[in-house]
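Engineer: just to be clear, the model below is a prediction. Sequence and coordinates:
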Amino acid sequence: MISDSESAPKLHKNEGIKSNSNYLRGTILEGLADVSTGAISADDGQLTKFHGVYQQDDRDVRSERRKHRLDKAYSFLARICLPGGIATPEQWLVIDELANYCAFNTIKLTTRQAFQLHGILKGNLKQTIKSVNDAMMTTLAACGDVNRNVMCNPNPFTSAVHEEVQAVVEAIDSHLKPQTPAYSEIWLDGEKITSGEDEVVEPLYGKTYLPRKFKIAFAIPPRNDVDVFAHCLGYIAVVEDGKLAGFNVTVGGGMGMTHGNEKTFPRLADVLAFCTPDQALAVAEQIVAIQRDFGDRVDRAHARFKYTVEDRGVEFIRAELEKRLGYQLEDARPYAFASTGDRYGWVEGSNGKWNLGLFIEGGRIIDREDAPLKSGMKAIAQVHKGDFRLTANQNLIIGNVAAEDKAGIDALVKEYKLDTYKTASGLRRNQIACVALPTCGLALAESERYLPNLVSDLEVILEEAGLQQDDIIIRSTGCPNGCGRPYLGEIGLVGKVPGKYNLYLGAGFGGERLNKLYRSSVTNEEIIELLRPIFLHYAKERNEGERFGDFVIRSEYVKATPAGNRFHSDLSESAKA
Ligand code: SRM
Ligand code: SF4
């Protein structure tokens, strides 16, 4: 007879780290105080993620330092949450100033509408996080096995509904934050940022939190700029007679996979049901609780909510949700998306204020000799009276500008060469590249430092084909984790080894279809050679209004991917080679 202890599968070791951490305290404080090393312990490294902090090292100098028997060049990444991507000019100036104390002296605008500061030395970490909190922002739950920064279509201009949706976003974001006092104890010298008792204060998460990270996004059709189907839980605003009627709720999206492991795959969310604005928060809480109770705590590669939905089925999730809510939800209502991209240039908002969409290559705010972006953004933040909105495409909107202030902003944009959206090709304007090297410890190949150069090479072909201004979505990542949502690129590049990428084609322009592997392990030259005839073919034979991703399927370069569980099937012989 098999005893319970023999038959129960062994939980992943991170479950023990969480459980024994005294609600995310671990020995982080002791580790920070240890001046003999620039690093912290591996277990604490898992816990600091919940606090929005990752330990990293500069991979550009790793082998050189190894040769000289030096420790790795350790530093930390802090991710700063901005629900819906909104920051004030004052907050921008704080981040700008903090970046000056970081090894890389840059601000990164992420694909989930957050700020990242890379290269913080251990000794500066506490003061950095304190300054972030003093400016009414937080790094809490920017990472870790909890709900992360809640995303929202950041464009304030389309309708008053946007403001209403943003209010729901902020309520859910705040409601799903971990409640442990550990964060304030460690980073804010014990200041209490939450009400409640000092003891157990995790009514939703409990002491082992979630099996894995959890992500929520809100989209407002016709724009799907947040890639709502890539998220664990999504809300698609339903606007009827100019009013917010509610949301179609989506469940089970996610991008990450592992090369060579077909049990892992990107998956687009299913549309589950409709909820009213008043029900949205309870829906989020109960979906998170379902994942807490049913998610896989044994195999972290199978622990995302997308696998819970895939394995148990969307009907099970709906029934379980309704049981926990104590009421039935209505069926989903019609919706339609037109694109996942951003709008550039000036657009007047429904409130009469103006919004300027800027293209920020790779989301990297940095001073380069030819383009002093960081100084330019600082100069704008010093005079701007509205807000900033980070987009899910790593771009930036200078929001809520009064008509009389437009000329002043324009002059600064021109002076600091922030108006690259005017000259960038359609392909460049629609690019996303994840960070990858030198900071990302998981990168197998370059991404942020590679994609702009590839796009320059491809622009020569686009020019020849007359496609310079056509919007074509290209996305790259340095590994298959999918931080730049590459499986939703009409062209997707995913790093395999240094200098080689898997080339994917055929995602839907509105973010409703995954792409498919076209060629495996190809070099830069091979990518250009492979794409050249396809671009020329597209220019010559596309139907009126036909998108590149649809064309490559109609022309049989790749088969369509109807669902995540078919991502690895229906490959052509050359893709398998
Ligand atoms: Fe990500 C891990 C960067 C959005 C899927 N991601 C990482 C880490 C922290 C590497 C690590 O664990 O050591 C990267 C830090 C690199 C660096 O130096 O900055 C990293 N992810 C990023 C950012 C900064 C990419 C960017 O260029 O903007 C994005 C930060 C978002 C934010 O503000 O929260 C970022 N990551 C995403 C997205 C896109 C999204 O959510 O829309 C995904 C795919 C969607 C999803 O979650 O399925 C994503 N990141 C991952 C994964 C794979 C998760 C999985 O299910 O397998 C990892 C690795 C992991 O969790 O084990 C990862
Ligand atoms: Fe790093 Fe991979 Fe994410 Fe790129 S996709 S940032 S290489 S984990």
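Structural biologist: Perfect, I can see it now. Residues are numbered from 1 along each chain as shown. Ligands and ions are numbered 1, 2, ... in the order given.

Engineer: show me where pLDDT drops low in the stretch 1-150 of the chain?
Structural biologist: Residue ranges of the stretch 1-150 of the chain with pLDDT under 70: 1-6.

Engineer: would you map the helices across it?
Structural biologist: 4-7, 13-19, 28-33, 42-48, 62-67, 89-99, 122-134 (DSSP state H, counting those that start in this stretch).

Engineer: same question, the stretch 251-400 of the chain
Structural biologist: Using DSSP H, counting those that start in this stretch, helices in the stretch 251-400 of the chain cover 280-294, 305-312, 314-325, 373-383.

Engineer: got those helices as TSV, with mean neighbour count and mean pLDDT columns?
Structural biologist: Just so you know, the C-beta spots here come from the backbone N, C-alpha and C atoms, and that holds for glycine as well. Shown next, in TSV, are the helices of the stretch 251-400 of the chain (neighbours: other Cβ atoms under 10 Å; pLDDT from 0 to 100):
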stretch	mean neighbour count	mean pLDDT
helix 280-294	20	98
helix 305-312	22	98
helix 314-325	16	98
helix 373-383	19	98
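
Engineer: turn the helices of the stretch 1-150 of the chain into a markdown table, including distance to ligand 1 and mean neighbour count.
Structural biologist: Output for the helices of the stretch 1-150 of the chain, formatted as a markdown table (distance: least, Cβ to the nearest ligand atom, whole Å; neighbours: other Cβ atoms under 10 Å):
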| stretch | distance to ligand 1 | mean neighbour count |
| --- | --- | --- |
| helix 4-7 | 28 | 7 |
| helix 13-19 | 10 | 17 |
| helix 28-33 | 17 | 16 |
| helix 42-48 | 9 | 20 |
| helix 62-67 | 14 | 11 |
| helix 89-99 | 13 | 19 |
| helix 122-134 | 14 | 18 |
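
Engineer: as TSV, those helices with distance to ligand 2 would be great.
Structural biologist: Formatted as TSV, these follow (distance: least, Cβ to the nearest ligand atom, whole Å):
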stretch	distance to ligand 2
helix 4-7	35
helix 13-19	17
helix 28-33	23
helix 42-48	15
helix 62-67	15
helix 89-99	19
helix 122-134	21
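
Engineer: need the ones you listed in JSON lines (columns: distance to Glu546).
Structural biologist: Converted to JSON lines, the helices of the stretch 1-150 of the chain look like this (distance: least, Cβ to Cβ, whole Å):
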{"stretch": "helix 4-7", "distance to Glu546": "55"}
{"stretch": "helix 13-19", "distance to Glu546": "46"}
{"stretch": "helix 28-33", "distance to Glu546": "54"}
{"stretch": "helix 42-48", "distance to Glu546": "47"}
{"stretch": "helix 62-67", "distance to Glu546": "46"}
{"stretch": "helix 89-99", "distance to Glu546": "40"}
{"stretch": "helix 122-134", "distance to Glu546": "46"}
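
Engineer: to Lys108, which of those helices lies closest?
Structural biologist: helix 89-99 (9.3 Å; Cβ to Cβ).

Engineer: what is the closest one packed up against?
Structural biologist: strand 107-109, strand 115-120, helix 122-134, helix 373-383, strand 387-390 (3 or more Cβ pairs under 8 Å, 6 or more residues apart in numbering; DSSP states H and E).

Engineer: sketch out the low-pLDDT regions of the stretch 401-550 of the chain for me.
Structural biologist: In the stretch 401-550 of the chain (pLDDT under 70), no residue qualifies.

Engineer: going along the chain, name the helices of it.
Structural biologist: 406-415, 426-429, 451-465, 524-541, 548-554.

Engineer: of all these, which one comes closest to ligand 1?
Structural biologist: helix 451-465 (10.7 Å; Cβ to the nearest ligand atom).

Engineer: just how off-centre is that closest one within its chain?
Structural biologist: With Cα atoms, centre = their mean, to the nearest Å as the basis, helix 451-465 stands 26 Å off its chain's centre.

Engineer: residues from the stretch 151-300 of the chain in reach of ligand 1?
Structural biologist: Lys213, Lys215, Asp227, Ala230, Gly254, Met255, Gly256 (Cβ under 6 Å from any ligand atom).

Engineer: pull the most distant pair out of those.
Structural biologist: Every pair of those checked by Cβ to Cβ; the farthest is Lys213 and Asp227, at 15.8 Å.

Engineer: what sits against the closest residue to ligand 1 within the chain?
Structural biologist: As assessed by Cβ to the nearest ligand atom, ligand 1 sits closest to Gly256 within the chain, at 2.3 Å. Residues near Gly256 by Cβ atoms under 8 Å, 6 or more residues apart in numbering: Thr264, Pro266, Arg304, Pro480, Asn481, Gly482.

Engineer: between those residues, which sits nearest Ser425?
Structural biologist: Distances from Ser425 to the contacts of Gly256, taken by Cβ to Cβ, are shortest for Gly482, at 24.5 Å.

Engineer: so who does the closest one touch?
Structural biologist: Gly482 sits in contact with Ala230, Gly254, Met255, Gly256, Met257, Pro266, Val494, where contact means Cβ under 8 Å, 6+ apart.

Engineer: Cys483 is in contact with the last one, correct?
Structural biologist: The one in question is Val494. No: Val494 is beyond contact range of Cys483, at 10.6 Å (criterion: Cβ atoms under 8 Å).

Engineer: who has more neighbours, those two?
Structural biologist: Val494 (28 against 23; other Cβ atoms under 10 Å).

Engineer: what does the stretch 401-550 of the chain put close to ligand 2?
Structural biologist: 434-436, 440, 442-443, 447, 477-479, 481-483.

Engineer: tell me the buried residues within these.
Structural biologist: Cys434, Val435, Ala436, Cys440, Ala443, Ser447, Thr477, Gly478, Cys479, Asn481, Gly482, Cys483 (16 or more other Cβ atoms under 10 Å).

Engineer: angles on the backbone of Gln237, please.
Structural biologist: Just to correct that, residue 237 is Ala rather than Gln. The phi/psi pair for Ala237 (degrees, to the nearest 10) reads phi -60, psi 140.

Engineer: and it, what are its bridge partners?
Structural biologist: Assessed by DSSP bridges, Ala237 has beta-bridge partners Phe247.

Engineer: quick one: the strands in the stretch 151-300 of the chain, in order.
Structural biologist: For the stretch 151-300 of the chain, strands defined by DSSP state E, counting those that start in this stretch occupy the ranges 151-152, 216-219, 233-240, 243-251, 270-275.
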